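*Asks:* Quick one: sequence and predicted model below, then my questions.
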Amino acid sequence: MKPTGSLTIVGAGLAGTLLATLLAQRGWRVEVFERRGDPRLHGYAGGRSINLALAERGLHALRQAGADAAVLERAVMMRGRMVHPLHGQVHLQRYGRDDSEVIWSVSRGELNIALLDAAEAAGATLHFDRGLADVDFSRGVASFRGDGADHVHAFDALLGCDGAGSTLRARMALHADLGERTEWLAHGYKELEIPPAPDGGFRIEPNALHIWPRGRYMCIALPNDERTFTVTLFMALHADGSGDPDFDAVADAAAARALFERDFPDALPLIPALERDFEANPTGTLATLYLDRWHLGGQAVLLGDAAHAMVPFHGQGMNCAFEDCVALADHIAAAPTLEGAFAAFQAQRLPDARAIQAMALENYIEMRDLVDDPDFLLQRELEQALQARHPARFVPHYAMVTFMRIPYAVAHARSEVQRGILVEATRGLRSLDGVDWAAADAAVERLLAPLADAPA
Ligand code: FAD
Ligand code: E0Q
C-alpha cells in the first residue's frame, strides 16, 4: 500500500531503528518511542562494550537501508573459530572457503548509534525516555511513560520492536491468545573483558571468534575495534548432578578465579579484571520465546526478539531481526492493507523463526563439544568435500545459515537431509579414505534439489 497516516515503532534498539529507516525511506511518517535515553547524548546504557556477530542476512538488510558502510567501517572481520582446547594446540576452523565467507564483530552500542542516525536522516522522529506503558486498542491510543509523566499518543498501527520482554506483546495478549510459551535454558552467561596489550594492540588473534569448548560449558571471545575482546562464559545456572561447574557454585571472585585456573588457564592471564568483571556484571539468562500469533489485525505486529527471542549460539538473533525488518517493510509496500501486510509477514516469517530457534539450540551442543568429537570433525571434512563435488546442491549447514539468504526453514530442512547423508557416509570411518563416493554422490543427487543461489 501507499504510505498513508503514520506508523508507530516501539523500541529504538536494533530492529526498531532499522525498520524506522526502511519505512521512512519509503515515504511513511514514522515515530519511534524508546524507553531509554539517547545513547548519542548519555553513552550507551550499561557502558560496557558488548559485541555481536553480523552475517550476510543482517548485512544485506543494512545494505537495503544504506547503513552497511557506516557499520562495516568499525567492524572486525572474523574468519573462523579459533579453538582453544584444554590440552592441545590452538587452531582455526574456517567458517567459509575464503575471505569472501566471513562474519563481522560489531559493537552493539556503535551499531545502535549508526542506525539511530540513519533513521533520523531518513526522516523518522525519535522520542527517548518514553517507555510503552499501556495500549487502548479500541481507541487507538498508547501511553508512554517518561520524565515522570504519562504521554498519550494516538496511533494507526504499533510495530513492536521492544525486545524479549516486550510490553506491547503483553498488551496484545490481553486481547488475543498469542499462544506464548517461553522455554528457559538451564544455562546462563557472564561477560568479561580482555583489554588491549601494553603496546595498544590486540592480545590474541583479532580476526577470529575465540572459543574454549569444555563439554557442557564454554567461553567465547569476540574482538572489538578498540583492541579489546568481550569474553562470554556460558555455563549451568544451578547444579545439575553432572559435576560440572555452575553459577550458584561459582558465586564469588575467588571461585571464578579457581574455575579459570582449572578450566581456562590460557584465558586467565588475558583477563586482568576477572574478579571485578565477574562480580560487577550480571549473570544473564537465556530463553526461546515461541508465539503462534504475531499480530492483532492491522493494529499491532511484533518482530525481532519481541516475536521470537532465541538462544545466541548461532549468532543469528540480530541477523534474523534485521531480516524481519526488510520482510515487514516489503509486505507493507505490497499488501493493500496493514492487516494483510501483517498477516503475510507472519505467514512468511514464523516458520523461519522457528527454524533458526531450533538451529540455535542445536548449535550450543555443537559448540561446547566441538573439539573432542572425531565424528563431528570427520563430518565437517566430508561437508567440504561434498560441497566441492556438488556446489549447487550441497552447501554446508553453517554456510546456508550464515552466508546465504535462503529462508531459514529451507536451510534447516536441507541441513537435516545433509546430516543424514554425512552420518551414513562416515559410519564406522576415521578418515575420508573409506568413503563410498558413488553412494554419497547418488544420495546427494537424489535427496537435494539444486539451490538457485548457491554461493559461487
Ligand atoms: P533489542 O535489541 O533488545 O531492542 C529492544 C529495544 O526496545 C531496546 O532499545 C529497549 O530499551 C527498548 N524497549 C524495551 N521495552 C520498551 C518499552 N516498553 N517501550 C519502549 N521501548 C522499549 N545476535 C546476533 O545476530 N549475533 C550475535 O552474535 C548475537 N550474540 C548475542 C549474545 C548474547 C549473550 C545475547 C543475549 C544475544 C545475542 N544476539 C546476537 C541476539 C541479539 O542481541 C538480539 O536478537 C537483538 O538484539 C534483537 O533486536 P531487537 O531490536 O528485537 O531487540
Ligand atoms: C557464530 C557467530 C554468542 C555466539 C555468537 C556467534 C556464534 C557463537 C558460537 C556464539 C556460531 C558458530 N557463532 O561459531 O558456529 O557464527 O556468532 Cl556462542
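*Replies:* Perfect, I can see it now. Ligands and ions are numbered 1, 2, ... in the order given.
*Asks:* Flag every residue of the protein that's near ligand 1.
*Replies:* Contact residues, the chain versus ligand 1 (CB under 6 Å from any ligand atom): 10-16, 33-36, 52-53, 131-132, 161-163, 167, 189, 232, 284, 304-306, 312, 315-319, 321. Placement of C-beta: from N, CA and C, glycine included.
*Asks:* and the longest strand for the protein?
*Replies:* Ranked by residue count, the top strand of the chain under DSSP state E comes out as strand 181-194.
*Asks:* For that one, could you pull out the residues that count as buried?
*Replies:* 185, 187-194 (16 or more other CB atoms under 10 Å).
*Asks:* Ligand 1: which of these is nearest?
*Replies:* Using CB to the nearest ligand atom, Y189 comes nearest to ligand 1 of these, at 5.3 Å.
*Asks:* surely that closest one meets G284?
*Replies:* Yes. The pair Y189 / G284 is scored as a contact, 4.6 Å apart, by CB atoms under 8 Å.
*Asks:* what is in contact with the two at once?
*Replies:* Shared contacts of Y189 and G284 (CB atoms under 8 Å, 6 or more residues apart in numbering): none.
*Asks:* What about the residues of the chain next to ligand 1, which are in helices?
*Replies:* Within those, residues falling in helices by DSSP state H are 14-16, 167, 305-306, 317-319, 321.
*Asks:* pLDDT below threshold where in the chain?
*Replies:* Within the chain, the stretches with pLDDT under 70 are 45-49, 371-372, 456.
*Asks:* Nearest to ligand 2 within it, name that residue for me.
*Replies:* As assessed by CB to the nearest ligand atom, ligand 2 sits closest to G315 within the chain, at 1.8 Å.
*Asks:* Run through the bridge partners of the nearest residue to that residue once chain neighbours are set aside.
*Replies:* Closest residue to G315 apart from its sequence neighbours, by CB to CB, 6 or more residues apart in numbering: A53 at 3.7 Å. Taking DSSP bridges as the rule, A53 bridges to S105.
*Asks:* sorry, back to before: I'd guessed the residue of the chain closest to ligand 2 sits against A55; true?
*Replies:* Yes. Counting by CB under 8 Å, A55 is a contact partner of G315 at 6.8 Å.
*Asks:* shared neighbours of these two, anything?
*Replies:* Common neighbours of G315 and A55, counting by CB under 8 Å, 6+ apart, are 103, 402.
*Asks:* what's the longest helix in the chain?
*Replies:* As assigned by DSSP H, the longest helix anywhere in the chain is helix 338-369.
*Asks:* Just give me the neighbour total for D246.
*Replies:* Using other CB atoms under 10 Å, D246 is surrounded by 18 other residues.
*Asks:* ok, what's across the strand from it?
*Replies:* Under the criterion DSSP bridges, D246 forms beta bridges with A236.
*Asks:* Spit out the contact partners of it.
*Replies:* D246 neighbours (CB under 8 Å, 6+ apart): 235-240.
*Asks:* 10 Å instead, please
*Replies:* 186-188, 217, 235-240 (CB atoms under 10 Å, 6 or more residues apart in numbering).
*Asks:* What of L328?
*Replies:* By CB under 10 Å, 6+ apart, L328 lies in contact with 15, 19, 22-23, 159, 161, 294, 301, 303-304, 341-342, 344-346, 348-349.
*Asks:* tell me which element it falls in.
*Replies:* Element membership for L328 (DSSP states H and E) is helix 317-334.
*Asks:* between that helix and helix 338-369, how big is the angle?
*Replies:* Angle of helix 317-334 versus helix 338-369, following axes from the mean of the first three to the mean of the last three CA atoms, to 10 degrees, is 160 degrees.
*Asks:* which two in the ones in helices among the residues of the chain next to ligand 1 are spaced the farthest apart?
*Replies:* The distance between the two most remote of these (CB to CB) is 24.2 Å, for T167 and N319.
*Asks:* Would you mind measuring from the spatially closest residue to G297 that is not a sequence neighbour to ligand 1?
*Replies:* Counting by CB to CB, 6+ apart, E339 is the residue found nearest to G297 once chain neighbours are left out, at 5.1 Å. According to CB to the nearest ligand atom, to the nearest Å, E339 and ligand 1 sit 22 Å apart.
*Asks:* Within range of ligand 2, give me the residues from the stretch 101-250 of the chain.
*Replies:* For the stretch 101-250 of the chain, the residues in contact with ligand 2 (CB under 6 Å from any ligand atom) are 103, 209, 220.
*Asks:* and the gap between the second one and H84?
*Replies:* Spelled out, that is L209. For L209, the distance to H84 equals 11 Å [CB to CB, to the nearest Å].
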